[in-house]
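Based on what follows, work out the 3D shape:
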Amino acid sequence: MQQSERLRLGEIVDALGGELHGDAGQAVEGLAPLETATSRQLSFLSNPRYRAQLSVSRAGCVIVAPGVRDEALARGAAIVTDDPYLYFARVTRLWKERTAPPPGPRIHPSAVVHDEAWVDPTARIGALCVVERGARIGAGTELKARVFIGENCVVGERCVFHPGAVIGADGFGFAPRQGEWEKIEQLGAVRIGNDVEVGANTCIDRGALADTLIEDGVKLDNLIQIGHNVRIGRHTAMAGCAAVAGSANIGAYCTIGGRAGILGHLTVADRVHISAGSYVTRSIHKPGQYTGFFPIDDNAAWEKNAATLKQLYALRERVKALEKK
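Sure, this is the predicted structure:
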């Protein structure tokens, strides 16, 4: 953060709400974690695990929940709000809005935008981006450096694409022929809804026939692979290095942990949460938390072991019952 007086506590509360305990004129020079914040910085406490850090923090002001109001006030100024983490997120956006340098050109001179592409007048195209023929970029969307938007791909409003993102490369489609491979032309596109964020070097493949679909509010981390004809439901979030194979259908409000994998043609219900490193090999039809990883093996042996593993708990209970007799 730039170390200059840009915001005062009163300005923050006026813009975002919350209950201020302290001097509204107190200046804030930056945002920082509890353990490193100085008397000129704003911090927050959302996880009770870090409650012990509150009393010793040097932060000039701390964003806290009502349940820790008294502890926070014992050490200094505080902003009390029902959801400190959400409030902190909004503070970061307010801070960036107030301190960001003036924007450069709407479309960087080094960007290549096809004459038959359409870019909303409020969208921004960064350095060395490519927007191909027939692509459409919605209002308020930002393409940072080196983003590729392929032919006929459609991007909604207020989206953010971080450097190196590739939207609309060919899906992985090949037909076997006597030990060789013949390419299947990928004739679909990618359709992306509003308020989607795509991380650096993430790839979303165009569909083979129908379009790959990313619905409103989806958040994708860096280095994610989305195969052709995948559908990702609204407000689902995926962490780095996750991969989804072609034609998988992922529901709304899901979370997919880092390095998780989902096989193609599977269905994942709404509000399913996949733990990091898990490998989804079957459809999931009920909401909940799912975790699973099984070492690679000869397929026949793997299937037998997997079937046995599913019976392990029942077998354990039978052994315990026998031991009591």
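
For the stretch 1-150 of the chain, which segments count as strands?
Residue ranges of the strands in the stretch 1-150 of the chain, as given by DSSP state E, counting those that start in this stretch, are 7-8, 19-21, 27-28, 30-31, 41-44, 61-64, 77-80, 112-113, 118-119, 124-125, 130-131, 136-137, 142-143, 148-149.

is it possible to export these to TSV including distance to Glu323, mean pLDDT and mean neighbour count?
(Each C-beta comes from the backbone N, C-alpha and C, glycine too.) Formatted as TSV, those follow (distance: least, Cβ to Cβ, whole Å; pLDDT from 0 to 100; neighbours: other Cβ atoms under 10 Å):
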stretch	distance to Glu323	mean pLDDT	mean neighbour count
strand 7-8	66	92	18
strand 19-21	59	97	15
strand 27-28	64	93	18
strand 30-31	58	94	18
strand 41-44	52	96	24
strand 61-64	51	97	26
strand 77-80	55	97	22
strand 112-113	72	98	16
strand 118-119	71	98	18
strand 124-125	69	98	24
strand 130-131	68	98	22
strand 136-137	67	98	24
strand 142-143	64	98	24
strand 148-149	63	98	25
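
Could you dump those into TSV with distance to Ala200 added?
Rendered in TSV, the data for the strands of the stretch 1-150 of the chain read as follows (distance: least, Cβ to Cβ, whole Å):
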stretch	distance to Ala200
strand 7-8	29
strand 19-21	37
strand 27-28	29
strand 30-31	22
strand 41-44	26
strand 61-64	29
strand 77-80	32
strand 112-113	20
strand 118-119	21
strand 124-125	17
strand 130-131	16
strand 136-137	18
strand 142-143	12
strand 148-149	13
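
can I assume Ile262 is in contact with Arg282?
No - Ile262 lies out of contact with Arg282 (Cβ atoms under 8 Å); the separation is 10.2 Å.

Compare these two (neighbour count), which wins?
The neighbour count for Ile262 versus Arg282, taken as other Cβ atoms under 10 Å, is higher for Ile262 (25 against 10).

Arg282 versus Pro48, what's the distance?
Here Pro48 is placed at a distance of 36 Å from Arg282 (Cβ to Cβ, to the nearest Å).

Let me fix that, I meant to ask about Thr255.
With distances taken as Cβ to Cβ, Thr255 is found 19 Å from Arg282.

wait, what's in contact with Gly288?
Contacts here follow Cβ atoms under 8 Å, 6 or more residues apart in numbering; on that basis Gly288 touches 271-273.

Just grab the bridge partners of it for me.
Assessed by DSSP bridges, Gly288 has beta-bridge partners Val272.

do the same with Asp205
For Asp205, the beta-bridge partners are Ala169 (DSSP bridges).
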